[in-house]
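Visitor: Sequence and predicted structure are below.
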Amino acid sequence: MGDNFLWISGNTLAQMRLLIEGAIVLFENEASTLLHLAVTNKQYSASGAFDTIGTAIYNLRKHICDMQAAHTREVLRECADDQSVQDHSTGSESANAR
């Protein structure tokens, strides 16, 4: 289950990262024009909403990046543990053969 979970969670985090990066590109390309219109037309609640949306998506990207980094550390730790167990069992077999 652990290996399957790590694989699934890694793929899910990668998909989440792609989605949020796409959302940020859309926001940066489209929101500036809409924000300018909102300010020009004194629609301050709309301009505040754009600011809130921007803050939310940038914070979400940071959380996803942090989760990806933690996932990578866990995968590397498990690989090191697996290698250590493998080295230990190989060393025991070598010692028993002598």
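Guide: Done, it's in. Numbers count the residues shown, from 1 in each chain.

Visitor: Please report how far the residue lying closest to Leu37 once chain neighbours are set aside lies from Ala14.
Guide: Nearest non-adjacent residue to Leu37, counting by C-beta to C-beta, 6 or more residues apart in numbering: Gln43, 7.8 Å away. All C-beta spots, glycine's among them, are computed from the backbone N, C-alpha and C. Shown here: Gln43 relative to Ala14, a distance of 37 Å by C-beta to C-beta, to the nearest Å.

Visitor: just the strands in this protein please.
Guide: Using DSSP state E, no strands are found in the chain.

Visitor: got any ranges where it has weak pLDDT?
Guide: Residues of the chain meeting the criterion pLDDT under 70: 1-3, 90-98.

Visitor: Mind naming the longest helix for it?
Guide: The single longest helix within the chain, with elements called by DSSP state H, is helix 44-97.

Visitor: For Leu13, which non-adjacent residue is spatially closest?
Guide: Gln68 (5.0 Å).

Visitor: Looks like that neighbour contacts Arg17 (just checking).
Guide: Yes - with contact defined as C-beta atoms under 8 Å, Gln68 reaches Arg17; the gap is 6.4 Å.
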